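S.K.: Provided below are the primary sequence and the corresponding predicted coordinates.
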Amino acid sequence: LYKLASSGLCSGVDGQMMTSLMCRPPMPGEDSFELFTNEEYGIFDSLKRKAISLVNGLNEIDGMSCNPSDGAMYAFPKVELPPKA
């Protein structure tokens, strides 16, 4: 019973492969290095564009201002309420 319950705590093969790639990515000269690097930079660039789009959108709203988010997946807008709100 203990062994059966413990097996639910282990990640599947997909999770183990992803963890291995994060900890030990392909090295220059390996077959998958170029593909891995292109995908990594593609994802990073996409996240940067989305963060910039979010901050620009928040800054366009009256009463809100937001500094660019550097290296994070969230933003902290400043909300200025009118005195009689």
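M.R.: Right, received. Where do you want to start?
S.K.: use CA for all of it now, contacts and neighbours both
M.R.: OK.
S.K.: if I read this right, Asn67 contacts Val55, doesn't it?
M.R.: Yes - in this structure, Asn67 is within contact of Val55 by CA atoms under 8 Å, at 7.0 Å.
S.K.: what touches both of these two?
M.R.: Ala75 (CA atoms under 8 Å, 6 or more residues apart in numbering).
S.K.: Those two - which one has more neighbours?
M.R.: Remark: of Asn67 and Val55, Val55 carries more neighbours, 19 against 14, as counted by other CA atoms under 10 Å.
S.K.: And the helix or strand where the more buried one lies, what does it pack against?
M.R.: Using DSSP states H and E, Val55 maps to helix 33-59. Contacting helix 33-59 under the criterion 3 or more CA pairs under 8 Å, 6 or more residues apart in numbering; DSSP states H and E are the following elements: strand 64-65.
S.K.: what lines up beside the helix or strand following the strand it packs on in the sheet?
M.R.: Counting by DSSP H and E, the element after strand 64-65 in chain order, helix or strand, is strand 78-79. Partners of strand 78-79 in the sheet, by DSSP bridges, are strand 64-65 (antiparallel).
S.K.: Just the residues contacting the partner strand, thanks.
M.R.: Contacts for strand 64-65 (CA under 8 Å, 6+ apart): 58-59, 77-80.
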